[in-house]
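Visitor: no FASTA, just this:
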């Protein structure tokens, strides 16, 4: 059984079009714009943000979770532009399992950017972090997310209470 080797320094990942870097306080405004958009938040939040301070608190919590070895949240930025357009994160569930979460600014939907980002963090999770399993869940009406997880190799484990639950096992 794999055991997660949580990093001391935040891992920077790169893809063809994206840089996945550590989230910072300077990303609060971009987080606010994403998390105040009802089209984005309807899938994972009760209510959209209405104040910048809410985003600042979220970012601080993400940074603290990394320091505590509980989670890591990457800011997604397009190469050549250091503006956060979304996030991907791993939340430690057990000694060998993490849960995947993600969001992306609506203007970037449908361009394959989230597939690219998720591919990079799955690779990192299995090859560098030592995950045995990556889990993800999404609301059953979030067809885009269901399709994304399926295309990324996740297996549907369960459907209950309006949510689809997926997993991906480390086959190496």
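Guide: Right, received. Where do you want to start? Values in this document were obtained by computation on a predicted structure and should not be read as measured data.

Visitor: for the most centrally placed residue in the chain, what are its contacts?
Guide: Centroid check for the chain by CA atoms, centre = their mean gives residue 88 as the closest residue, at 2.2 Å. By CB atoms under 8 Å, 6 or more residues apart in numbering, the residues touching residue 88 are 20, 73-74, 76, 100-102, 114, 117-118, 121. Placement of C-beta: from N, CA and C, glycine included.

Visitor: how about it, phi and psi?
Guide: Dihedral angles of residue 88 (phi, psi; degrees, to the nearest 10) stand at phi -130, psi 140.

Visitor: for residue 22, see how far away it is.
Guide: 12 Å (CB to CB, to the nearest Å).

Visitor: between these two, what contacts are shared?
Guide: residue 74.

Visitor: name the residues that touch the helix or strand of the chain with the lowest mean pLDDT?
Guide: Within the chain, judged by mean pLDDT, DSSP states H and E, the helix or strand with the poorest mean is helix 38-41; its value is a mean of 82. Residues outside helix 38-41 that contact it (CB under 8 Å, 6+ apart): 34-35, 47-49, 103-106.

Visitor: just stretch 7-22 next, same as before
Guide: Here stretch 7-22 has contacts from 66, 72, 74-79, 88, 113, 116-117, 119-121, 124, 128-129, using CB under 8 Å, 6+ apart.
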